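Enquirer: Build the 3D model from these lines:
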Amino acid sequence: MDANAKITVKGIVQGVGYRWFADRIARKYELKGFVENLSEGSVYLEVEGERGLIEECIKELRVGPRSAVVDDVHVEWRKPHHLFLGFKIKA
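Expert: Here you go, the predicted model:
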């Protein structure tokens, strides 16, 4: 079943390659959406795809790349809106 997840990752997640890590993981699970840095220092993702694959992606996001320190991952589940064509990194 397809789902949409709005994911906020908090900790030391900016300036450590976290967006590129998230991009690689999302593509690994064939998810669509985007990742971006937020002004307060966290990273935000919105992804769509099979719920089970999103859950696997979230497990990896909780670990992050070696140089990151993930303190918290907040996930808000929603119905998919099917507007994403692929996955991208926003500035």
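Enquirer: can you tell me how far the residue most central in space within the chain sits from Glu76?
Expert: The chain has Leu45 as the residue nearest its centroid, 3.9 Å off, counting by C-alpha atoms, centre = their mean. Using C-beta to C-beta, to the nearest Å, Leu45 is found at 11 Å from Glu76. In short, each C-beta sits where N, CA and C put it, glycine included.
Enquirer: Overlap of the contact sets of these two?
Expert: In terms of C-beta atoms under 8 Å, 6 or more residues apart in numbering, Leu45 and Glu76 are both contacted by the residues Ala5, Lys6, Ile7.
Enquirer: Can you show me the helices along the protein?
Expert: 18-28, 51-63 (DSSP state H).
Enquirer: Check those helices for me and report the most buried one.
Expert: Burial of the helices of the chain is given as mean neighbour count (mean count of other C-beta atoms under 10 Å); helix 18-28 ranks first at a mean of 19.
Enquirer: got the angle for it vs helix 51-63?
Expert: Computed by axes from the mean of the first three to the mean of the last three C-alpha atoms, to 10 degrees, the angle separating helix 18-28 from helix 51-63 equals 160 degrees.
Enquirer: Can you give the distance of helix 18-28 from its chain's centre?
Expert: Distance, stretch centre to chain centre, for helix 18-28: 7 Å (C-alpha atoms, centre = their mean, to the nearest Å).
Enquirer: So what touches it?
Expert: 9, 33, 35-37, 43, 45, 47, 57, 60-61, 64-65, 68, 87-89.
Enquirer: If we use 6 Å, what do you get?
Expert: Val35, Val43, Leu45, Val47, Cys57, Glu60, Gly64, Pro65, Ala68, Phe87, Ile89 (C-beta atoms under 6 Å, 6 or more residues apart in numbering).
Enquirer: Show me which pair in those is furthest apart.
Expert: Taking C-beta to C-beta as the measure, the contacts of helix 18-28 reach their widest spread between Ala68 and Phe87, a distance of 18.9 Å.
Enquirer: Ser42 contacts Gly11, correct?
Expert: No: under the criterion of C-beta atoms under 6 Å, Ser42 is not in contact with Gly11, lying 7.9 Å apart.
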